[in-house]
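> here is a sequence together with a model predicted from it:
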Amino acid sequence: MQDISIQKTADVLNVNLQKQQPVRTQGQSFQQILKNSLQEANDLQLQANNAIQQLTSGNRENIHETMIAIEKANISFQLIMQVRNKILDAYQEIMRMPL
């Protein structure tokens, strides 16, 4: 452990940072990704509602698939809520920063 000095570590970190170039992708913007995620969560919720209606009307006899659809919708909703909370926390933190 003694042969690793702070300077050597700093030199390694600087070299690694210099190697990294800003990544410009042709991908989607954050807004588009968020919009797509909300759409997917909504679609899962609609599928779960449809599965419940089919089960209660007798068109579907497999309760397992219905419960899986409900849980998928629930998990996706919880994920969206956590992302929303993190975005709000970040916004509030930025607003507290002094100018």
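Good, I have the coordinates. Given the structure is predicted, the values throughout are model-derived calculations rather than measurements. Residues are numbered from 1 along each chain as shown.
> please determine how far N49 is located from N59.
14 Å (Cβ to Cβ, to the nearest Å). C-beta: built from backbone N, CA, C; applies to glycine.
> neighbour count: the two, which is higher?
More crowded of N49 and N59, by other Cβ atoms under 10 Å: N49, with 13 against 9.
> pull the contacting residues for V83.
By Cβ atoms under 8 Å, 6 or more residues apart in numbering, the contact list for V83 reads 34, 37.
> give me phi/psi at it?
Backbone geometry at V83, expressed as degrees, to the nearest 10, gives phi -60, psi -40.
> distance of it from I94?
Distance from V83 to I94, by Cβ to Cβ: 17 Å.
> pLDDT below threshold where in the chain?
Where the chain drops to pLDDT under 70, the residues are 1-25.
> can you give me the helices in it?
6-19, 30-57, 63-96 (DSSP state H).
> tell me who's in contact with K72.
44, 47-48.
> isn't I63 right next to L55, touching?
Yes - here I63 reaches L55: they are 6.4 Å apart, a contact under Cβ atoms under 8 Å.
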